[in-house]
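Engineer: generate coordinates for the sequence data below:
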Amino acid sequence: MIGVDGEQIGIKPFREALQMAMDANLDLVAVAPQAKPPVCRIMDYGKFRYESQKREKEARKNQKIVKVKEVNFSATIEEHDFQTKMRSVLKFLKEGDKVKCSVRFRGREITHADIGKRVLDRVAAEAGEFCTIERQPKLEGRSMIMILAPKETK
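Structural biologist: Numbers count the residues shown, from 1 in each chain. This is a model prediction of the structure:
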């Protein structure tokens, strides 16, 4: 049994431990019920729950939620359109979001999947200093998809 201030009280019968907790106007909480003998502690359980919820809320507030943004390219994209979309990719990566780059093949363009792969390789080359390739370009149905993750900053 552990006392109010964290001091070891020793092994006590359940009724005696419960009476000590009632005398202190606190709760008897089983800290490690599987241990031999079970370990109990005298504490204010409501205050303990409140503080643990507060710690969990603080931890949730500090964590970063990573979003996945998608930028669509086409196999026959022109230079200016490519640069415009590339600016968006770089902006998303600098904000700390992952970017899903996809090339959608329409009609007979699917027979020239290598052109779409070249477009995605060019995206990876131009964004290389800001990102790591999380998933290499891969053909899925009529789309070729590549996922870029921002580089870790120290």
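
Engineer: residue ranges with poor pLDDT in the protein?
Structural biologist: Applying pLDDT under 70 to the chain flags the ranges 153-154.

Engineer: again, 80 this time
Structural biologist: 63-66, 152-154 (pLDDT under 80).

Engineer: where is the longest strand in it?
Structural biologist: strand 131-140 (DSSP state E).

Engineer: quick check on the residue sitting nearest the centre point of the chain: phi, psi?
Structural biologist: In the chain, the centroid-proximal residue (Cα atoms, centre = their mean) is I65; its distance is 6.0 Å. I65 adopts backbone torsions of phi -90, psi 120, taken as degrees, to the nearest 10.

Engineer: gap between it and E95?
Structural biologist: 12 Å (Cβ to Cβ, to the nearest Å). All C-beta atoms are positioned from the backbone trio N, CA, C, and that covers glycine.

Engineer: at which residues are the helices of this structure located?
Structural biologist: 14-23, 45-62, 79-94, 113-126 (DSSP state H).

Engineer: out of those helices, which gets nearest to K36?
Structural biologist: Nearest of those to K36, taken as Cβ to Cβ: helix 14-23 at 14.7 Å.

Engineer: list the neighbours of the closest one that are in contact with it.
Structural biologist: Under the contact criterion Cβ atoms under 8 Å, 6 or more residues apart in numbering, helix 14-23 has outside partners 1, 9, 12, 27-28, 40, 42.

Engineer: 7 Å instead, please
Structural biologist: With contact meaning Cβ atoms under 7 Å, 6 or more residues apart in numbering, helix 14-23 is reached by 1, 27-28, 40, 42.

Engineer: now those residues as a markdown table including distance to P137?
Structural biologist: Putting the contacts of helix 14-23 into a markdown table (distance: Cβ to Cβ, whole Å) gives the following:
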| residue | distance to P137 |
| --- | --- |
| M1 | 63 |
| D27 | 59 |
| L28 | 61 |
| C40 | 59 |
| I42 | 62 |
